[in-house]
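S.K.: What follows is a predicted protein model with its sequence.
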Amino acid sequence: MCIRDRHIAIVGATGAVGLDMLKTLEKRNFPLGSLTPLASARSAGKTLPFRGQEILVQELTGDSFVGVDIALFSAGGAISKEFAPLAVNAGAVVVDNSSAFRMDDSVPLVVPEINTTDVATHKGIIANPNCSTIVTVMALYPLHQAFGVKRMFASTYQAVSGSGAMGIAELKRQVSEINDGREVTREVYPHQIAFNVLPHVDVFLENGYTKEEMKMVHESRKIMGLPGFQASVTCVRVPVYRAHSISVSAEFEKPVSVEHAREAIAAAPGIDLNDDIASNGYPLPLKLAGQDNCQVGRIRKDCAMENGLSFWVAGDQLLKGAALNTVQIAEEVARL
């Protein structure tokens, strides 16, 4: 089959990530022959702009994948578990943005800049990692290649758009309520998010960590191919609309240097060095919203660990953390 004959379906096309998938396919001039946006019955019948045309959104059903070559899923784990096997049975390769298959040993978990060769091992489904995991390993992996990472301590600063459109609406509404002197209302988060930070992303587990925090541990091991990698993570929701940031302190096997670390980051694909403290230069979520590449800065020797480095990394979690990474995986599938 000619690569330009690829038929692409997007499950969850009207959601925030689905819309960014559409924009990313167009921006990167993805070689497709036809496109089928899929969504719930409520969204079916809407149209979405793509390459100068309006594409009709169709209702997701068990028969939606006939003739589809690659199906991009971003509609939640329950939908993926139900419909991804149907897509595979129909002959499609699924790239799934949910957590449904990430830790399945038979499913590759891929960040193309790190483990793109794993794409070729797929058995019908390829998983897209957690957004915070992707942003973190984009900076950590080049340093691992240089020094050999042993363990990591990290705190995330996660934007409300990570909770979807409802998270954005909650922050906007609460800011307005506070400015108008009205009572603050809550629908999404357990506490007020406006002018506040919440050390709580996803549900708490028996070990005291949240599910999001443990995702970062397990997924980082799988992506980097390091089963012995250790990490302790605290995930924090912050009143920022878009782009996640992560503060990382990591210990390495080999002696480290800031100069060598900067060289490793500067040479790595998909991530830019922004580390000029003399001019107050460092990654800012405000500047990275809508940008494909992640940025890393504040690189310094960790004063509490031998062979340790501390750094700050940020990236748009809806793009590199979701839509862009998914499309990059699809590009690799199309090359097989």
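M.R.: Perfect, I can see it now.
S.K.: Show me where the stretch 101-250 of the chain has its strands.
M.R.: 125-127, 149-158, 230-237, 244-252 (DSSP state E, counting those that start in this stretch).
S.K.: The nearest residue to Met214 once chain neighbours are set aside: neighbour count?
M.R.: Nearest non-adjacent residue to Met214, counting by CB to CB, 6 or more residues apart in numbering: Leu205, 6.4 Å away. No exception for glycine: its C-beta is placed from N, CA and C like everyone else's. Counted with other CB atoms under 10 Å, the neighbours of Leu205 add up to 12.
S.K.: my guess is Leu205 meets Val217, correct?
M.R.: No - taking contacts as CB atoms under 8 Å, Leu205 lies outside contact range of Val217: 11.3 Å.
S.K.: Is it possible to get TSV of the strands of the stretch 101-250 of the chain that adds mean neighbour count, distance to Pro142 and mean pLDDT?
M.R.: Listed next are the strands of the stretch 101-250 of the chain as TSV, based on neighbours: other CB atoms under 10 Å; distance: least, CB to CB, whole Å; pLDDT from 0 to 100:
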stretch	mean neighbour count	distance to Pro142	mean pLDDT
strand 125-127	25	22	98
strand 149-158	21	10	98
strand 230-237	20	17	98
strand 244-252	23	12	98
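S.K.: Select, out of these, the one closest to Ala92.
M.R.: strand 125-127 (9.8 Å; CB to CB).
S.K.: so what does the closest one touch, helix or strand wise?
M.R.: Packing partners of strand 125-127 (3 or more CB pairs under 8 Å, 6 or more residues apart in numbering; DSSP states H and E): strand 93-96.
S.K.: so how far is Thr133 from Phe158?
M.R.: If you look again at residue 158, you'll see it is Gln, not Phe. Distance of Gln158 to Thr133, computed by CB to CB, to the nearest Å: 12 Å.
S.K.: anything in contact with each of those two?
M.R.: Here Gln158 and Thr133 share no contacting residue, scored by CB atoms under 8 Å, 6 or more residues apart in numbering.
S.K.: Can you check the pLDDT for Cys2?
M.R.: pLDDT for Cys2: 46.
S.K.: Please apply the same query to the one 5 residues further on.
M.R.: The per-residue pLDDT reported for His7 equals 97.
S.K.: And the contacts of the helix or strand hosting it?
M.R.: Secondary structure assignment for His7, by DSSP states H and E: strand 6-11. The contact list for strand 6-11, computed with CB under 8 Å, 6+ apart, reads 18, 21-22, 25, 30-39, 60, 64-65, 67-75, 79-80, 83, 87, 92, 330, 334.
S.K.: how about 7 Å then?
M.R.: 18, 21-22, 25, 31-38, 60, 64-65, 67-75, 79, 83, 334 (CB atoms under 7 Å, 6 or more residues apart in numbering).
S.K.: Same check on stretch 146-154?
M.R.: Contact with stretch 146-154 is made by 136, 140, 143, 229-233, 246-254, 256, 260-261, 264, as judged by CB under 7 Å, 6+ apart.
S.K.: for stretch 191-200, same thing?
M.R.: 160, 170-171, 174-175, 178, 184, 186, 189-190, 210, 234, 236-239.
S.K.: end to end, how far does it reach?
M.R.: 10 Å (CA to CA, to the nearest Å).
S.K.: Counting neighbours, show which residues of it come out buried.
M.R.: Buried residues in stretch 191-200, defined by neighbour count with 16 or more other CB atoms under 10 Å: 192-194, 198, 200.
S.K.: need the helices for the stretch 201-336 of the chain, in chain order.
M.R.: 211-224, 258-267, 285-288, 324-335 (DSSP state H, counting those that start in this stretch).
S.K.: hmm, back to that, can you tell me which of the contacts of strand 6-11 end up in helices?
M.R.: 18, 21-22, 25, 79, 83, 334 (DSSP state H).
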